[in-house]
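[1] Whatever this is, show me its structure:
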Amino acid sequence: MMRRRAFITLLGGAAAVWPLTARAQQPGLPVIGFVNIGSSGGYAGILSAFLKGLDETGYVEGRNVAIEYRWAENQLDRLPAMMADLVQRKMAVIAATSTPAALAAQAATTTIPIVFEIGSDPVQLGLVTSLNRPGGNVTGVTFLAQEVVPKLLELLRELLPRARVIPLLVNPANPAIAEANTSKALAAAHTLGLELHVLNASSEGDFEGAFAKLVELRANGLVVGPDPLFLSHIEQLAALAAHHGVPTVFTGREFTAAGGLMSSGARITDSYRLTGIYTGRVLKGDKPADLPVQQATKVELYINLKTAKSLGITIPLPLSGRADELFE
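    As a prediction, this is how the structure comes out:
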């Protein structure tokens, strides 16, 4: 494996309390409510980045701050009750990581500070008035994941110049993300002269059927749209792509490390670290309305040369030369 630049990146998906331990809270400590739409699996590295950000502002879990973890297990209907519980428990701040969690937090309280970490446009979602002046009780970090989907299509077209049919896998149970990704992908596909088909998977049980559909469509490749459900099942998606022999691109290093062909996207640990910093600043007394929304803009590219070889694909030198890391 060749490393092109230093990096730290882990991805994962997102009612359950953090399963590793149920840490006893010390009386008097401020409490953070950490909420995610996905499941806890695969989140160790990302949580480490969040805790690192907290530490940079002087807060260490168990020493001078407590954290209540909530995971919706990709069930949107669990979020309102989770948020209501955290509001009743009077959290000092709610760290709402993922778009559905941020929207649920905003609906639950106008007084408790909310720090989000999302891959969507917070202004378009109505979370903030503007990026520079959020207003209200909400601010946070965005990495604009929807902007990555057109780039993934471009990467597949660069890799497979004769490709014509490229499906996009989305999760219809998460409409805020699915609709935005689909809209961006359709526009990009039209520009690139590609025929785009939208495939739906709202649970792990839908993956096999979605990949079987690729054969029927005679697809040249597949783009997996960013979604907590898919992030929670990276290894399964990589295995299905290999089994069906479909060149597949996704967001995040872990997909490529698991055997996926190629991945590109923002470094998620950066955005979680920034979320931790903002959460710490709010604990220190900063108002969300005064904290401009931050954007994690660094995009990284990973390519699995072994997978490319098994698919009979030769990676163009300009593409491999841009990679942050090559797996071989």
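[2] Dihedrals phi and psi, the closest residue to residue 73 other than its chain neighbours?
    The shortest distance from residue 73 to any non-neighbouring residue, by Cβ to Cβ, 6 or more residues apart in numbering, is to residue 39 (5.0 Å). Using the backbone N, CA and C atoms, a C-beta is placed for each residue, glycine as well. Dihedral angles of residue 39 (phi, psi; degrees, to the nearest 10) stand at phi -110, psi 160.
[3] count of residues packed around residue 39?
    Around residue 39 there are 22 other residues, counting by other Cβ atoms under 10 Å.
[4] do residue 295 as well
    Here the count is done by other Cβ under 10 Å, and residue 295 has 14 residues near it.
[5] show me the residues around it that make contact.
    131, 141, 142, 143, 144 (Cβ atoms under 8 Å, 6 or more residues apart in numbering).
[6] Read off the pLDDT value for it.
    pLDDT recorded at residue 295 is 86.
[7] Which residues outside the longest helix belonging to the chain are in contact with it?
    Across the chain, the helix with the greatest residue count (assigned by DSSP state H) is helix 175-192. Helix 175-192 has contacts (Cβ under 8 Å, 6+ apart) with 99-100, 103, 119-121, 125, 145-147, 149-150, 153-154, 157, 166, 168, 170-172, 195-196, 198, 223, 225-227.
[8] In it, which residues are buried?
    For helix 175-192, a neighbour-count test (16 or more other Cβ atoms under 10 Å) marks 176, 177, 178, 180, 181, 182, 184, 185, 186, 188, 189, 192 as buried.
[9] any idea of the mean pLDDT for it?
    pLDDT averaged over helix 175-192 gives 91.
[10] ditto for stretch 268-283
    For stretch 268-283, mean pLDDT rounds to 94.
[11] Please check the contacts of helix 175-192 and keep the buried ones.
    Buried among the contacts of helix 175-192 by 16+ other Cβ under 10 Å: 99-100, 103, 119-121, 125, 145-147, 149-150, 153-154, 157, 166, 168, 170-171, 196, 223, 225-227.
[12] Which residue ranges of the stretch 201-328 of the chain form strands?
    Along the stretch 201-328 of the chain, counting by DSSP state E, counting those that start in this stretch, strands occupy 222-224, 248-250, 262-266, 294-295, 299-304, 325-327.
[13] Just put those in JSON lines and tack on distance to residue 273.
    Shown next, in JSON lines, are those (distance: least, Cβ to Cβ, whole Å):
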{"stretch": "strand 222-224", "distance to residue 273": "25"}
{"stretch": "strand 248-250", "distance to residue 273": "22"}
{"stretch": "strand 262-266", "distance to residue 273": "12"}
{"stretch": "strand 294-295", "distance to residue 273": "10"}
{"stretch": "strand 299-304", "distance to residue 273": "15"}
{"stretch": "strand 325-327", "distance to residue 273": "20"}
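[14] For residue 48, which of these is the nearest?
    strand 262-266 (17.2 Å; Cβ to Cβ).
[15] hmm, back to that, relative to residue 228, how far out is the residue nearest to residue 73?
    To residue 228, residue 39 is 8 Å away according to Cβ to Cβ, to the nearest Å.
[16] Please identify the helix or strand for the closest residue to residue 288 other than its chain neighbours.
    Distance criterion Cβ to Cβ, 6+ apart; nearest residue to residue 288, sequence neighbours excluded, is residue 139 at 4.0 Å. According to DSSP states H and E, residue 139 maps onto strand 138-142.
[17] what's the next helix or strand after that strand packed up against?
    Following strand 138-142 in sequence order, the next helix or strand is helix 148-159 (DSSP H and E). Under the contact definition 3 or more Cβ pairs under 8 Å, 6 or more residues apart in numbering; DSSP states H and E, helix 148-159 sits against strand 165-170, helix 175-192, strand 222-224, strand 248-250, strand 262-266, strand 299-304, helix 317-322.
[18] Can I get those in CSV including distance to residue 76?
    Converted to CSV, those look like this (distance: least, Cβ to Cβ, whole Å):
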stretch, distance to residue 76
strand 165-170, 15
helix 175-192, 9
strand 222-224, 20
strand 248-250, 22
strand 262-266, 23
strand 299-304, 28
helix 317-322, 37
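[19] Determine the number of other residues adjacent to the residue nearest to residue 288.
    Neighbourhood size, residue 139 [other Cβ under 10 Å]: 28.
[20] doesn't residue 115 make contact with it?
    Yes: counting by Cβ atoms under 8 Å, residue 139 touches residue 115, with 6.3 Å between them.
[21] Can you check which residues contact both of the two?
    278, 288.
[22] about what we covered before: which is the succeeding secondary structure element to the longest helix of the chain?
    strand 195-200.
[23] List the beta-bridge partners for residue 69.
    residue 34 (DSSP bridges).
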